[in-house]
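K.L.:
Turn this into a model:
(2 chains)
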Protein chains: 2
Amino acid sequence: MSTSGWHAAWLPDEALAPLGRRVTAVDLTVVSASGAGPVVAAVVAEVRAATERSGGRLVLADDDVTAADGDVRPDLVLVLDPDAGLPAEGYAVERADGATRVTASDDRGLLYGFFHVVRLGEGAFDDALAAGTHAPAHAVRMLDHWDNVDVHDVMGQVERGYAGGSLFYADGRLRPDLRRVGAYARLLAASGVNRVAVNNVNVHRTEAHLLTDRLGDVVRLAEQFRPWGIRVHLAVSFAAPMTLGGLDTCDPFDPAVADWWADTARRVYAAIPDFGGFVVKADSEGQPGPFAYGRTHADGANVLARALAPFGGTVHWRAFVYDHHQDWRDRKTDRARAAYDHFTPLDGKFDENVVVQVKFGPLDFQVREPVSPVLAAMPRTHLALELQVTQEYTGHQKHVYYLPEQWSEILGWEPWADGRTVSDVARDVVAVSNVGDDRFWTGHPLAQANLYGFGRLAWDPALSPSDLLDEWVGLTFPGADARVRDVLRDVVLGSRATYEQYTAPLGVCFMVGPGHYGPGVDFYEYSPWGTYHFADRDGIGVDRTRASGTGYSGQYPEPWASTYESLETCPDELLLFFHHVPYTHVLHSGKTVVQHVYDTHTDGAARTVEMARRWEDVDGLVEPALYERVGELLAEQVRSAGEWRDQVRTYFWRHSGVPDARGGPLY
Amino acid sequence: MSTSGWHAAWLPDEALAPLGRRVTAVDLTVVSASGAGPVVAAVVAEVRAATERSGGRLVLADDDVTAADGDVRPDLVLVLDPDAGLPAEGYAVERADGATRVTASDDRGLLYGFFHVVRLGEGAFDDALAAGTHAPAHAVRMLDHWDNVDVHDVMGQVERGYAGGSLFYADGRLRPDLRRVGAYARLLAASGVNRVAVNNVNVHRTEAHLLTDRLGDVVRLAEQFRPWGIRVHLAVSFAAPMTLGGLDTCDPFDPAVADWWADTARRVYAAIPDFGGFVVKADSEGQPGPFAYGRTHADGANVLARALAPFGGTVHWRAFVYDHHQDWRDRKTDRARAAYDHFTPLDGKFDENVVVQVKFGPLDFQVREPVSPVLAAMPRTHLALELQVTQEYTGHQKHVYYLPEQWSEILGWEPWADGRTVSDVARDVVAVSNVGDDRFWTGHPLAQANLYGFGRLAWDPALSPSDLLDEWVGLTFPGADARVRDVLRDVVLGSRATYEQYTAPLGVCFMVGPGHYGPGVDFYEYSPWGTYHFADRDGIGVDRTRASGTGYSGQYPEPWASTYESLETCPDELLLFFHHVPYTHVLHSGKTVVQHVYDTHTDGAARTVEMARRWEDVDGLVEPALYERVGELLAEQVRSAGEWRDQVRTYFWRHSGVPDARGGPLY
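P.N.:
The predicted structure follows:
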């Protein structure tokens, strides 16, 4: 625990002790320490604090102190050398002559190199340390905060937030004390995140003003993030020229509108020179957009992009556009098709500094969806993959759901099955944050592993979820009993599969109740949201084939277009996403659909009982408050999983009339 | 329209013109006008105002003006004579020598006699007027307002209110200007209501204080109601001795608790001598109650009753008690049984001034439930029948639903099939109000007919809904074209049956969505609320028989216990309330259950289209604002009925697999 009132997460003092016990030289001979800027200053301050705590020593080698003391051999040398030829944000590590040397060509490279050493712990000083160069796979690794300044009537302070209030805002304004935001930025830097959007993409009245007369709030937030190499972005309303600017239009083709955006961007950059750019949800779920003027998304995005371009800013334009007043009677309209249908005709029409931000699946952050075909269909457009760290449909941070297990699959999915992955085609990786003002940051203490894992996977998608978990455990519980690691592995690994087992089966999606928590098998069945499963007494699932359904399967390149189209080849876990089948359809696994549902729900719920029991084994081995919080939440997970199990099983039983071959209870 | 900013409802000036054009003598020779009190003063003021408007004359014959002028022959004589021997609140009417004479033995009798004359219009002065004595069938005719002082997070200002804000409260306090409350009291008096509870039975923090330090608000409300013969009641929290009194218990057996209630009642009566009493929802849906102390509802009610008894006050103790954390898996627990199981063992144990207030059906104000068996099972207890004027489950005052058609059935139902009716066994009749600060009082202008009809039926349950509608139309649209009456008859009469046709079929109940508006066939199916229909691929309905179900049918006396028990004799409209049957079960009507569902939903929704079309025929014949409001709401009713039709039909189709013999669309 930190003494500061919030949990230290993956940067407790002990995690920095291996470095802090040693002598670290920071070599800034090329860029002087005084002129190197706030990021370098943060690194130096980190080393200084760690060595002061643990008895090591900081040696600063810059133009003021031209060389390290002759009588002190540093164990670690951190070198910032713009001429070293290393990639942006990257760093090289080598071990020689009893010293570890980290070299970077820019300040953020030095920062990430420093945290690399922290992650390695004692291993950083092992002569067996492998030499190598590290650089991020994705230049933009961004967290979107769906935080409101005002508490929203329905959505609260943080939309889809499950960790208390906002870290940034309280009582209708920016928090006066932002120290915790600084601590948050430090944690993010250690995970590799380098962008943060500081407000909800549904931009309400008060929040719209962050762009203009409340810009001072964004300035203050940027001050907290800047030392940690993080640029701030702002979600803006497409209607801002009207609501804020007093114009009578926000038509992107109107010169006054373009001028307003250009002038506004100029003012923003005057206050925040490293401002990242705008995030926009337009013509989606009631937000304003270019459709009102007969303009395209490209027209809309480009007017903002041109305002930002002179300053190096980016527009993240969300592709989450669909008809949310759909008629459930209409089986031809398919929400899953919407992003592709709206955006792929515009490929090549977006300006260079526009990024089309695509949710990982065609629906909405479900536990199991196919990867969005948009990612494979816009080669002439910069794309961002949008993930969700916050557990909207995945258990509201009450259920253990280890998201890297899902993200790893997504990032590594090959749209053409030829080696090229989603990670290769998505320039940026973005996720909705799971952080709030909860003492443990993320509500569920184990959900910290998701936040940490996001930054790490965005940096290096090849990291295995299992290794990432060990890394997180090593940092978060330094020096803990080996049993802690073993229990955490047992509880966390496989938790995504467990959740999938007891919730909506076989890719059918959206069997959630109000607020997207807990079972509601039919809750969305007759809704206007375009999310149906069409269960009847004979079968279930959505026919999205070209042959007889909505044709969505045809949005994929080969081989997936054919793989998904055919009942013979469609993967079991996506069967009901692509096909409407009888309950007695036999899966590749050899089980019928209905027996699969019975078994997985029984087994998944049983697994949560084991998880809760296993957690008891760390009683006394971790801090009591964390032990209790996780225990309480596991009890809720057990209860909720039992409810999911019984409702889904019973629903299938009542519809199919097929008994459970294993004889479990059906109601 | 009134000139006062709100609609005149059933008391436009023109409705009083037949009286106002004539000479009316008010004879108070026995009780002097000056000493007769505010009710008599209100009657005199009404006559004075009406005659001043319409050119008639008021002659006051009391001890100051000992006789009417010799040269003026009154057309109407209103006599208050305590020695006339007429029943409380009653009046006698006779026509002789060209004058109509109304005699009452108490001031409220005079008030009701006056409004009787208003209702009759020109007919009151017809020599063919039948002589007769009129008295209310029910001594207490009460409206419960579920109004909050503060706006509740979930329930708003008026819980289950569909007519805007509260008439009484705004901005967290009593409205400073209560003139509209006075106008409301006058309308209620004309309908026959004589009690009003002024706050929500779910007593929240602020509202609890109406009993003590906010009592002044109740005093001011009582001042508005008093001239119209209406006593105010207050909903109180059973925990008040703790939350308001600072005691550490509210155990009814604790002398300090009894003392607190006695002292509190004394203070209330010191401020409001005609205070009616307390309304209590205890141990129900989270409200506190005597169960916490191992005491019974009788114990709880009696401690309050004893505090009120010295002052003539009454406790209305609600029988709406059930387990709202029920397990949907448990088919043996039956919410329908709860009120009977909780209360009938206590018959005879309630004090004389306790009234057990029983919802008309065992569930919750559904469009079709059997009448509550509690009403037939507590002969030694005063009972109130609780109805709902506000359209919680019956269309939120967006749908035309003429409630007198339902109430008339309920009041006339014979628990023993021997001539004794519900009206005979329920001493009081109570209903939840449908009024708010909407200009038309009730949101839907036609819902005024429900409010009016409630008071009239509580006075005389034998009135036919059809005659009542004509009466309401005659008052509300005086002098209107005969087409107005014809259209209103076409739109309003039968509207209860229409609503039943397109919503939950055959007594199955609770197929509503969130907020109790619109279809949600499965919305309550897996909930903790005890409201299930158990539909599967074979059939639907709740087995409440003694033979194989929950045994609820056995709570009825004969012949109903047997009638409901048997599939052969159970009325079609309650079939699914009492029995789980296959979709192909053949009704007494000769149709299968599923075809009945198909047909009624098609026909019911089609009927709303006719209603909307018919309404267009009064364009230009009623005030434009009223015409438009009703038209807009009918359009919503048509839309909503279509949604009900399609969802319910499709649900039955998907479960049964039986096609619609009439070939209508199924999805």
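K.L.:
so where do the helices sit in the stretch 1-150 of chain A?
P.N.:
Here the stretch 1-150 of chain A has its helices, by DSSP state H, counting those that start in this stretch, at A:17-20, A:38-54, A:107-120.
K.L.:
Over to the closest residue to chain B within the stretch 501-650 of chain A: give its phi and psi.
P.N.:
Closest contact between the stretch 501-650 of chain A and chain B, by C-beta to the nearest C-beta, is at residue A:536 (3.5 Å). Bear in mind the C-beta positions are built from the backbone N, C-alpha and C, glycine included. Main-chain dihedrals, residue A:536, degrees, to the nearest 10: phi -140, psi -170.
K.L.:
do the same with residue A:499
P.N.:
Torsion angles, degrees, to the nearest 10, at residue A:499: phi -60, psi -40.
K.L.:
Then residue A:614?
P.N.:
Torsion angles, degrees, to the nearest 10, at residue A:614: phi -60, psi -40.
K.L.:
Neighbours of it, how many?
P.N.:
When neighbours are counted by other C-beta atoms under 10 Å in any protein chain shown, residue A:614 registers 16.
K.L.:
repeat for the one 3 residues further on
P.N.:
Residue A:617 has 15 neighbouring residues, counting by other C-beta under 10 Å.
K.L.:
For it, give its distance to residue A:483.
P.N.:
6 Å (C-beta to C-beta, to the nearest Å).
K.L.:
Listing partners with orientation, what would you give for the helix or strand bottoming out on mean pLDDT in chain A?
P.N.:
Least confident helix or strand of chain A, by mean pLDDT, DSSP states H and E, is strand A:57-61 with a mean of 89. Sheet pairing of strand A:57-61 (DSSP bridges) gives strand A:23-27 (parallel).
K.L.:
show me what contacts the residue nearest the centre of chain A?
P.N.:
Residue closest to the average C-alpha location in chain A (C-alpha atoms, centre = their mean): residue A:431, at 2.8 Å. Counting by C-beta atoms under 8 Å, 6 or more residues apart in numbering or on different chains, residue A:431 touches A:142, A:143, A:144, A:386, A:387, A:388, A:389, A:454, A:458.
K.L.:
Looking at strand pairing, list the partners for the fourth one.
P.N.:
Going back to what we said before, that points to residue A:386. Under the criterion used (DSSP bridges), residue A:386 bridges to residue A:359, residue A:430.
K.L.:
about what we covered before: so can I have JSON lines of the helices of the stretch 1-150 of chain A showing mean pLDDT, distance to chain B and mean neighbour count?
P.N.:
JSON lines is the format used below for the helices of the stretch 1-150 of chain A (pLDDT from 0 to 100; distance: least, C-beta to the nearest C-beta, whole Å; neighbours: other C-beta atoms under 10 Å in any protein chain shown):
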{"stretch": "helix A:17-20", "mean pLDDT": "97", "distance to chain B": "48", "mean neighbour count": "23"}
{"stretch": "helix A:38-54", "mean pLDDT": "97", "distance to chain B": "43", "mean neighbour count": "19"}
{"stretch": "helix A:107-120", "mean pLDDT": "98", "distance to chain B": "43", "mean neighbour count": "23"}
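K.L.:
Quick one: closest of those helices to residue A:247.
P.N.:
Of all those, helix A:38-54 sits nearest to residue A:247, with 37.3 Å by C-beta to C-beta.
K.L.:
Give the other helices and strands that that closest one contacts.
P.N.:
If you count contacts as 3 or more C-beta pairs under 8 Å, 6 or more residues apart in numbering or on different chains; DSSP states H and E, helix A:38-54 packs onto helix A:17-20, strand A:23-27, strand A:57-61, strand A:76-80, helix A:107-120.
K.L.:
Can you tell me, leaving aside adjacent residues, what's nearest to residue A:602?
P.N.:
Nearest residue to residue A:602, sequence neighbours excluded (C-beta to C-beta, 6 or more residues apart in numbering or on different chains): residue A:664, at 5.2 Å.
K.L.:
tell me the pLDDT at the one you found?
P.N.:
pLDDT for residue A:664: 95.
K.L.:
wait, residue A:248 sits on residue A:254?
P.N.:
No - using C-beta atoms under 8 Å, residue A:248 is not in contact with residue A:254, being 9.4 Å away.
K.L.:
Tell me how chain A divides into domains.
P.N.:
Annotated domains of chain A cover A:13-134, A:140-476, A:500-542+A:580-656 [automatic domain parsing].
K.L.:
For chain A, give me the ranges with low pLDDT.
P.N.:
Applying pLDDT under 70 to chain A flags residues A:1-3, A:33-34, A:62-71.
K.L.:
what about the longest helix in it?
P.N.:
Longest helix in chain A, counting residues (DSSP state H): helix A:624-656.
K.L.:
Run the angle between that one and helix B:624-656 for me.
P.N.:
80 degrees (axes from the mean of the first three to the mean of the last three C-alpha atoms, to 10 degrees).
K.L.:
which parts of helix A:624-656 are buried?
P.N.:
By neighbour count on 16 or more other C-beta atoms under 10 Å in any protein chain shown, the buried set for helix A:624-656 is A:626-627, A:629-630, A:633-634, A:636-638, A:640-656.
K.L.:
If we check chain B, which of the residues you listed are in contact?
P.N.:
Intersecting the buried residues of helix A:624-656 with the contacts of chain B gives A:643, A:646, A:647, A:650, A:653, A:654, A:655, A:656 (criterion: C-beta under 8 Å from any C-beta of the partner chain).
K.L.:
Wait, the second one touches residue A:664, no?
P.N.:
No - counting by C-beta under 8 Å, residue A:664 is not a contact partner of residue A:646; they are 9.5 Å apart.
K.L.:
shared neighbours of those two, which are they?
P.N.:
With C-beta under 8 Å, 6+ apart, residue A:646 and residue A:664 have no common neighbours.
K.L.:
mind listing what residue A:665 touches?
P.N.:
Counted by C-beta under 8 Å, 6+ apart, residue A:665 has contacts A:646, B:329.
K.L.:
Tell me where the stretch 251-400 of chain A has strands.
P.N.:
A:277-280, A:314-318, A:354-359, A:382-388 (DSSP state E, counting those that start in this stretch).
K.L.:
Which neighbouring elements make contact with the host helix or strand of residue A:216?
P.N.:
Here residue A:216 sits within helix A:215-225, counting by DSSP states H and E. Counting contacts by 3+ C-beta pairs under 8 Å, 6+ apart, helix A:215-225 packs against strand A:173-174, helix A:179-191, strand A:231-235, helix A:255-271.
K.L.:
I'd like to know which of the ones you listed lies nearest to residue A:510.
P.N.:
strand A:231-235 (25.3 Å).
K.L.:
who does that closest one pair up with?
P.N.:
Under the criterion DSSP bridges, strand A:231-235 sits next to strand A:195-197 (parallel), strand A:277-280 (parallel) in its sheet.
K.L.:
List the neighbours of the shortest one that are in contact with it.
P.N.:
In this structure, residues lying in contact with strand A:195-197 by C-beta under 8 Å, 6+ apart are A:140-145, A:185, A:188, A:225, A:230-235, A:276, A:279, A:316, A:430, A:433.
K.L.:
Burial check on residue A:5, number of neighbours?
P.N.:
9.
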